[in-house]
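**Q** below are the sequence and a predicted model for it; my questions follow.
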Amino acid sequence: MAPVNNNDEHPPKFKVTIVGSGNWGSVASKLIASNTLKLSSFHDEVKMWVFEEMLPGGEKLTDAINRTNENVKYLPGIKLGHNVVADPDLENAVRDANMLVFVTPHQFMEGICKRLVGKIRSDAQAISLIKGMEVKKEGPCMISTLISQQLGVNCCVLMGANIANEIAVEKFSEATVGYRGNRDIAEKWVQLFSTPYFAVSACQDVEGVELCGTLKNVVAIAAGFVDGLDMGNNTKAAIMRIGLREMKGLSKLLFSSVKDSTFFESCGVADLITTCLGGRNRRCAEAFAKNGGKRSFDDLEAEMLQGQKLQGVSTAKEVYEVLKHKGWLEMFPLFTTVHEICTGRLPPTAIVEYSEHAPKYPMTGGPTSFP
Ligand SMILES: NC(=O)c1ccc[n+]([C@@H]2O[C@H](COP(=O)([O-])OP(=O)(O)OC[C@H]3O[C@@H](n4cnc5c(N)ncnc54)[C@H](O)[C@@H]3O)[C@@H](O)[C@H]2O)c1
Ligand SMILES: O=P(O)(O)OC[C@H](O)CO
């Protein structure tokens, strides 16, 4: 990866653009912007692409961010750093960058990648902070793969126990960079994100890291159901154990290269715990169960998250499609049941009952045939 040489500067410097400006995207920009000011190998300025919208007072979100240095809608009250420049023009935002950070809700990435084909630097490196996947005819497609394939770039991932609002106020947390191949590139990403309150380590298992971040959102929905039904801590711990078992089982069935040790990194068990305790997926699923499944997730998301997006419900659907296609539904009763509850085919109480698809593998047990 060659740094960008602007105006014959010596030595040339790396230039970072963040594609996305939601809750986590804004915190990522704060972390990165604090480092580009400190590290001489990076340009100070960090561009952040904003999906433009009009605020209630009539001002554009981009203008408000550049005027106040805060993302007044998705991360109010937090200064991003004076070197963050919001840009609503996607092509312009990425044009000069050779380090691209993707952090949008996963459902928008296919469209964003299509718009970026042929528009990025040929020597660009990418990293995805996005927890989710696409399902194609051929099977599941991780978001980092989508980015790599569509844009022809190497793409690492960064996942972890990272509730954005906590990191925004500089409470300590950890994260995992997943990479394949060249460790130097992973180290560059670690350098770009690490701060005294954000400890990042690298792990040579891009699929394992990304699947942990993706699948934990389905378990978070299950944990929210348990909370909404007031079932207590033991039940929630059981859901987390079974969920972790299914996360590991499915990850290793999809990619035999996935390492056991990845599940003990921040991206694995730590993210599962934080998300089942404090995440948005958990919170909306709790409300869903409290309402007996009578209010849709779309309604609850719009009311409770004010523009922020849930990933768990659509991921449950995507996982279900993969399981169905592969003939694995019975092996994954938790994942299967979450989707059936989300779609109203089963009541929220089914989360701790035997799934109709899993007569041989009740929620308390599960298959012994996972790798
Ligand atoms: N928020 C967190 O605590 C957190 C932590 C770790 C990882 N993540 C992951 O990061 C990713 C992004 O999450 P986030 O919290 O930054 O986003 P968010 O949930 O705040 O989503 C809102 C963002 O989506 C954008 N958006 C809405 N419609 C759009 C469209 N049609 N096209 C493109 N963008 C559109 C909005 O402009 C806004 O920037 C997700 O995969 C999430 O799972 C989030
Ligand atoms: O708020 P959630 O449920 O989207 O989870 C946020 C992060 O993924 C936690 O690491």
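**A** Arrived safely, thanks for sending. Numbers count the residues shown, from 1 in each chain. Ligands and ions are numbered 1, 2, ... in the order given.
**Q** what residues does the chain put near ligand 2?
**A** Contact residues, the chain versus ligand 2 (Cβ under 6 Å from any ligand atom): 131, 161, 162, 163, 220, 271, 274, 275, 279, 280, 281, 311. For glycine as for every other residue, the C-beta is placed from the backbone atoms N, C-alpha and C.
**Q** so what's residue 198 bridging to?
**A** Beta-bridge partners of residue 198, counted by DSSP bridges, are residue 173, residue 195.
**Q** residue 241: what secondary structure?
**A** helix (DSSP: H, G, I helix; E, B strand; the rest coil).
**Q** how about the residues of the stretch 101-250 of the chain by ligand 1?
**A** Near ligand 1, when you scan the stretch 101-250 of the chain using Cβ under 6 Å from any ligand atom, you find 103, 104, 105, 106, 108, 129, 130, 131, 132, 162, 163, 164.
**Q** which of the residues you listed count as buried?
**A** The neighbour count (16 or more other Cβ atoms under 10 Å) marks 103, 104, 105, 106, 129, 130, 131, 132, 162, 163, 164 as buried among those.
**Q** taking this structure, what residue is nearest to ligand 2?
**A** Nearest residue of the chain to ligand 2 (Cβ to the nearest ligand atom) works out as residue 279 at 2.6 Å.
**Q** excluding sequence neighbours, find me the nearest residue to that residue.
**A** residue 220 (5.2 Å; Cβ to Cβ, 6 or more residues apart in numbering).
**Q** one step back: farthest-apart pair in the residues of the stretch 101-250 of the chain next to ligand 1, please.
**A** Across these, the longest distance by Cβ to Cβ is 21.1 Å; it joins 108 and 163.
**Q** setting the sequence-adjacent residues aside, check what's closest to residue 194.
**A** In space, residue 194 is closest to residue 200, 4.7 Å off (Cβ to Cβ, 6+ apart).
**Q** helix, strand, or coil at the one you found?
**A** Applying three-state DSSP: residue 200 is strand.
**Q** that older thread, any chance of the buried ones among the residues of the stretch 101-250 of the chain next to ligand 1 in TSV, plus distance to residue 144, secondary structure and pLDDT?
**A** TSV is the format used below for these (distance: Cβ to Cβ, whole Å; DSSP: H, G, I helix; E, B strand; the rest coil; pLDDT from 0 to 100):
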residue	distance to residue 144	secondary structure	pLDDT
103	12	coil	98
104	13	coil	98
105	15	coil	98
106	11	helix	97
129	10	coil	98
130	8	coil	98
131	11	coil	98
132	11	coil	95
162	17	coil	98
163	22	coil	98
164	20	helix	98
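**Q** how is this structure divided into domains?
**A** Domains of the chain are assigned by automatic domain parsing as 14-204, 215-352.
**Q** least confident secondary structure element in this structure?
**A** In the chain, the helix or strand scored least confidently by mean pLDDT, DSSP states H and E is strand 133-136, which has a mean of 90.
**Q** other SSEs contacting the strand or helix carrying residue 315?
**A** Take DSSP states H and E as the rule and residue 315 turns out to sit in helix 312-326. Judged by 3 or more Cβ pairs under 8 Å, 6 or more residues apart in numbering; DSSP states H and E, helix 312-326 is in contact with strand 133-136, strand 139-142, helix 206-228, helix 233-254, helix 280-290, helix 333-342.
**Q** so which of these is the most surrounded?
**A** helix 206-228 (a mean of 29; mean count of other Cβ atoms under 10 Å).
**Q** excluding sequence neighbours, find me the nearest residue to the residue nearest the centre of the chain.
**A** Central residue of the chain (Cα atoms, centre = their mean): residue 131, 2.5 Å from the mean position. Excluding the flanking residues, the one nearest residue 131 by Cβ to Cβ, 6+ apart is residue 213, at 4.1 Å.
**Q** hmm, back to that, JSON lines please, covering the residues of the chain next to ligand 2 and showing distance to residue 257.
**A** Below are these laid out as JSON lines (distance: Cβ to Cβ, whole Å):
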{"residue": "131", "distance to residue 257": "20"}
{"residue": "161", "distance to residue 257": "23"}
{"residue": "162", "distance to residue 257": "24"}
{"residue": "163", "distance to residue 257": "29"}
{"residue": "220", "distance to residue 257": "25"}
{"residue": "271", "distance to residue 257": "20"}
{"residue": "274", "distance to residue 257": "26"}
{"residue": "275", "distance to residue 257": "24"}
{"residue": "279", "distance to residue 257": "28"}
{"residue": "280", "distance to residue 257": "31"}
{"residue": "281", "distance to residue 257": "27"}
{"residue": "311", "distance to residue 257": "24"}
